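Student: Structure, please.
(chains A and B)
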Amino acid sequence: MRFSQNWLAEWVDHGWDQATLVHRLTMAGLEVEAVEDLGAGLDQVRVGVIETCDQHPNADRLSLCTVDAGEGGSRSIVCGATNMGPGDKVAVAVPGAVLPNGMTIKKSKLRGETSEGMLCSTAELGMAEEAEGILILPSEAPVGTPLADYLNLPDAVVELDLTPNRGDCLSIAGIAREVAALADKPLMGPPLAPVQPAGTPRREVRLEAGADCPRYLGRVVEGVDAGGETPLWLSERLRRCGVRPVSLLVDITNYVMLELGQPLHAFDNDRLSGDVRVRHAADGEPVTLLDGSSAELEAGTLVIADDAGVQAVAGVMGGADTAVDEGTTNVFLEAAYFRPGAVAGRARKLGQHTDASHRYERGVDPHLAVIAMERATALLTELAGGTPGPVTEAVAEADLPERPEIPFRPARADARLGTELGPEAMGDAFRRLNLETEEEGEEWQVVPPPYRFDLALEADLIEEVARLHGYDRLPAERMIGPMEPHAGSETDVQDRPLRQLLVGRGFREVITYSFVDPDTVARLDPSAEPLPLANPLSREQSVMRPDLFAGLLETAAANQARQNERLRLFELGRVFPRVDGAILQRDAIGGLVAGPLDPPHWAGERRGADFFDVKGDVEALLARAGASGAAFERAEHPALHPGQSARITLDGVHAGWLGTLHPGLAEPLEVTGPPVLFQLDLAPVRDQASEVPQYRPVSRLPMTRRDLAVVVSEAVTAAELTRVVAAYADDIEADLDLMDWRIFDVYTGEGVAAGHKSVGLALTLQPRDQTPTDDRIEAVVAGLVERLAGELGAQLRG
Amino acid sequence: MQEELDAIRARAEAEIDAAGDLDTLEQLRVGYLGKKGELTNLLKQVGQLEPEARKAAGQAVNAAKEAVQQRLEARREELARVELDRRLQAERVDVSLPGRDAEVGNLHPVTRMLERIEDLFVAMGFEVDQGPEIEDAFHNFEALNIPEDHPARMMHDTFYFDDHWLLRTHTSPVQIRVMAEREPPLRTIAPGRVFRCDSDVTHTPMFHQVEGLVVDEGVTFAHLKGLMQDFLQRLFERDDLPVRFRPSYFPFTEPSAEVDIGCVLCEGVGCRVCKHTGWLEVLGAGLIHPNVFGHVGVDAERYSGLAFGMGVERLAMLRYGVDDLRLFFENDVRFLAQFQAG
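Tutor: Alright, predicted model coming up:
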């Protein structure tokens, strides 16, 4: 809502300067978005009258005028416009003027003729974005008057960012009411007396939509001159309130809407046939709106219809068929109360958001239509002539909104606010806000004015008390409360240590959009069936990500395009996979590594990061999370290199993927490397409850280390080997622990038969109570070799 | 014999002093003091002397052995020192060369700010709760006192899946779930991703919020003011940071407030970021609306509650001086790397 500060001043004498007005409005919940000062730069601009206007002798496109600007003489002015003639009143900028658009006016010679000023357009005066021709002022404009005075300048446009509960402030009258309450000053305003009907024409109104329209006023005004000019004072007020002047009749209805808050509509009475019916539309009923758009209405849409069909969508927009134009002579004026719920959502469904629907959705005072009808009639007859007929008022009293009687406890208000304002201050606040209050006992009865649709509960009244007192004057206090400990379990898998682990390993965290490109998803996993948004912003962001890969790869591509080659990225966030047909919401942590493993370094050679580098990161993550039952199994994923991809399981439960991006996808996804990716689902990681560590005695005896090299078939995996070793470790008698085993070498080539590989195992044996003999150690190692031979066909390498 | 002894000793000492390395020194030790060494031999000859001469001669030879032995030790120490010096010299490194594997990554600045906010509230006794990002209309709107077709729904440009499911437009539905599941007293915050179908210079279709609530007997608007003031002043680490409450409207709180801080960029003088007002809007807050309590079965007569919500990106932009919201989701590593320290 934009309003003119001068216009407001006619309604309430608040006595504040602009800064105070802005501050008080903002602090009352009517947030001031912007203030635009008008009228600066018009010091040297006066009303003048053109005496002569001739063709410039040396230029086809210029005119040479003499202008009387009330200075006791004439000025000669060269002008490029063509829309003026002798006798026209114009805005004359004299030398020395610096116009709002920055132009400095100087006496000069144009093609040999002296020009002692400029005739201004509305654009040059800062009154419009652009203009054709110069501003022609009304003929009664007094010559010599400073233009600023004539245009009621200086003024300021104040722009409010109103919250949806304050529909009552969508008018000058409404803002003035609020300011009057804040300043505790009386409300003024123009006289709003009923207009005596001078004619008899009338059109019947039938209410057929029950509670959706309990009040509808119509009035026929005959013999208007719709082609007349809108007076400058009126069009200026519209303009300063952000409404574009259109034509005299429309401007008048808009003016009353801005002034009082009541949307009005003017029909061309000659284009209406039969009674006006306020009814619900049938399904698919057609209408062509004022802006030329056509719509087939949903059943139940509230409309204004006549015998020919729908002529307006109630509270949203009038129809094209019955619209007024410059040839209109007889007008049917509408002022109605439409229930907010009957208008809400309709405009949006029609793709329209109008000044009328904006107000009706938020609630218009159901009594205002009567007053606004008289105001509009008075302005209409004054500015466009015509004979007003009597008002036809159709009312369904029972359906008019009831004014709630709200119980209010002053003591409760103080308790909720943490204040000691007391009943007197609260009663005073209600009086200033025009709330009818029965102040009896501990529980009052309060009836809000009919324009306050936002007041229904005690809590709403408590806010009014706080607002009038001023939020900035309310106390601030620290809470006290029970100190209940909320810490989770020591063994919970928290996100933070997982993040920090990756950060410590050189990863940078990214946050990518939860919605991704369906084409990318289809490339990465054609069976994913991601969940589509019904109203995406773009195709690239139209499905919910089933995993973290699409976002990570897109981030990698964007970074590589900017020469950021070495990438270690991770993201922790929610993914939305489809499992057995249903979409799940799961937390996951995923990463991408591309480019050289390390930054350039003076010692050592650089190499590209590979599968096992990233597997190490994943293993570290699992170790940090206390997930002991993890296994990596060869498995194929459509996004991953079939020979370098692993399914991660935790005690047999699927927990994620690790692998090199399928080389065939690098080019379509515009990534190089190809990168290595992983994703770990956090639900199974969190479910795999680790236990609180329990101490076991540490042996003081020296450990024994033995290295072993065995030859096995190439098909035997490291996982199988270590599984056998682990089982053997469990079986050793209690005098010794095989406490650690690691694969330190994998070798194929000379000395090892084709189709076989040599695997080096580093064993650590820890005696418990006494130092074992060499024979005992050798027996344990030999037992392992025997076990490996038996289960995997392993042979000790010679 | 004494003459011979003196000559050997003099020769031995000269040779020891001239020895350039430990091997030479060892050969000299063997040559003079070993089993067949010259001085050892002389000592053997002492036994063949007249008994009266034996004692003096023995003493003399032993003295010479002792002297040579000391000379050897001294020379050995000296040579070891020289050897060590040489080694130390050889092993010098340029300590200014960078170490290996020193690189660390970083949290995303939004996560960094989220963790900071969480820490501040956890320190004040709050729990941290999570909720679904794909929400139903009841939890996202109805239970929060935003009925269908309410103008406030227009303020939430909502992504829908169908009539029932949507992407949450705020983390307030988590409050509904918490209040429906747990009994007061409650102190909790809900951090997380939220979504609005709006995208321009100052809006991204996804961003992060932290919302919080306190429900207990006797919770007041004064508590809300105190809590927000403490939080914001600690967040920006300025005890004199001006914090301003002004009336506003949220369907789920009443009274409602917008909370402003004095502009941290221009110190309240007025700049482009604060639109020359000297104030920055940083969060919304209020007392929980009785209708919301009604939806979750909390007795609004017995209990009262406060609720607040803030945009994490906005706070991160102000705190870290980021001037373009969209940078957060471009994830350029040169941008991310700026948030490494701390």
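Student: what's near enough to touch A:L677?
Tutor: By CB atoms under 8 Å, 6 or more residues apart in numbering or on different chains, A:L677 lies in contact with A:549, A:552-553, A:590-592, A:614, A:639-640, A:657-661. For glycine as for every other residue, the C-beta is placed from the backbone atoms N, C-alpha and C.
Student: Likewise for B:L114?
Tutor: Per CB under 8 Å, 6+ apart, neighbours of B:L114: B:P191, B:H208, B:V210, B:V312.
Student: can you list the residues of the stretch 51-200 of chain A near chain B?
Tutor: Contacts of the stretch 51-200 of chain A with chain B, taken as CB under 8 Å from any CB of the partner chain, map to A:T163, A:P164, A:N165, A:R166.
Student: one more time with 6 Å
Tutor: Within the stretch 51-200 of chain A, the positions near chain B by CB under 6 Å from any CB of the partner chain are A:T163, A:P164, A:N165.
Student: Most neighbours among these, which one is it?
Tutor: A:N165 (25 neighbours; other CB atoms under 10 Å in any protein chain shown).
Student: where does that residue land in three-state SS?
Tutor: coil (DSSP: H, G, I helix; E, B strand; the rest coil).
Student: Surely it is in contact with A:D454?
Tutor: Yes. A:N165 lies in contact with A:D454 (CB atoms under 6 Å); the separation is 3.9 Å.
Student: Now list whatever residues contact both of the two.
Tutor: Here A:N165 and A:D454 share no contacting residue, scored by CB atoms under 6 Å, 6 or more residues apart in numbering or on different chains.
Student: For A:L461, list the residues it contacts.
Tutor: A:F408, A:V446.
Student: Distance of it relative to A:R416?
Tutor: A:L461 is 11 Å from A:R416, where distance means CB to CB, to the nearest Å.
Student: go on, A:L368?
Tutor: 32 Å.
Student: Comparing these two, which shows the higher neighbour count?
Tutor: Taking other CB under 10 Å, A:L368 and A:R416 do not tie; A:R416 has more neighbours (24 against 21).
Student: thought that one was touching A:I462?
Tutor: Yes. At 5.4 Å, A:R416 counts as touching A:I462 under the criterion of CB under 6 Å.
Student: for chain B, what are the nearby residues on the stretch 301-450 of chain A?
Tutor: Contact residues (CB under 6 Å from any CB) of the stretch 301-450 of chain A with chain B: A:A344, A:G345, A:E361, A:R362, A:L417, A:G418.
Student: Farthest-apart pair in those, please.
Tutor: Using CB to CB, those reach their maximum pairwise distance at A:G345 and A:G418, which is 38.5 Å.
Student: Downstream of the helix or strand of chain A with the lowest mean pLDDT, the next helix or strand is which one?
Tutor: Across the helices and strands of chain A, the lowest-confidence element by mean pLDDT, DSSP states H and E is helix A:346-349, at a mean of 84. Elements were assigned by DSSP states H and E; along the chain past helix A:346-349, the next helix or strand is helix A:355-362.
Student: How far does that following helix sit from its chain's centre?
Tutor: 20 Å (CA atoms, centre = their mean, to the nearest Å).
Student: Repeat that for stretch A:3-12.
Tutor: On the basis of CA atoms, centre = their mean, stretch A:3-12 sits 32 Å off its chain's mean C-alpha point.
Student: try stretch A:112-129
Tutor: On CA atoms, centre = their mean, the centre of stretch A:112-129 falls 42 Å from that of its chain.
Student: Show me which positions of that stretch end up buried.
Tutor: A:113, A:115-127 (16 or more other CB atoms under 10 Å in any protein chain shown).
Student: possible to save those as TSV with secondary structure and pLDDT?
Tutor: Shown next, in TSV, are the buried residues of stretch A:112-129 (DSSP: H, G, I helix; E, B strand; the rest coil; pLDDT from 0 to 100):
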residue	secondary structure	pLDDT
A:E113	strand	89
A:S115	strand	92
A:E116	coil	92
A:G117	coil	92
A:M118	strand	93
A:L119	strand	93
A:C120	coil	92
A:S121	coil	90
A:T122	coil	85
A:A123	coil	85
A:E124	coil	86
A:L125	coil	85
A:G126	coil	79
A:M127	coil	76
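Student: burial measure for the nearest residue to A:A320 once chain neighbours are set aside, as a count.
Tutor: Once flanking residues are discounted, A:A320 sits nearest to A:T288: 4.5 Å by CB to CB, 6 or more residues apart in numbering or on different chains. Using other CB under 10 Å, A:T288 is surrounded by 15 other residues.
Student: Phi first, then psi, for A:T288.
Tutor: Backbone torsions of A:T288, given as degrees, to the nearest 10, read phi -110, psi 120.
Student: do the same with A:F408
Tutor: Here is the backbone geometry of A:F408 (degrees, to the nearest 10): phi -140, psi 130.
Student: Quickly note the distance from the residue nearest to A:A655 when sequence neighbours are not counted to chain B.
Tutor: Of all residues not flanking A:A655 in the chain, A:P684 sits nearest, at 4.3 Å (CB to CB, 6+ apart). For A:P684, the distance to chain B equals 17 Å [CB to the nearest CB, to the nearest Å].
Student: Outside of the host helix or strand of A:P684 itself, list whatever touches it.
Tutor: For A:P684, the host element (DSSP H and E) is helix A:682-687. The set of residues external to helix A:682-687 that reach it, using CB under 6 Å, 6+ apart, is A:V493, A:R586, A:D587, A:A625, A:A627, A:L650, A:V653, A:A655.
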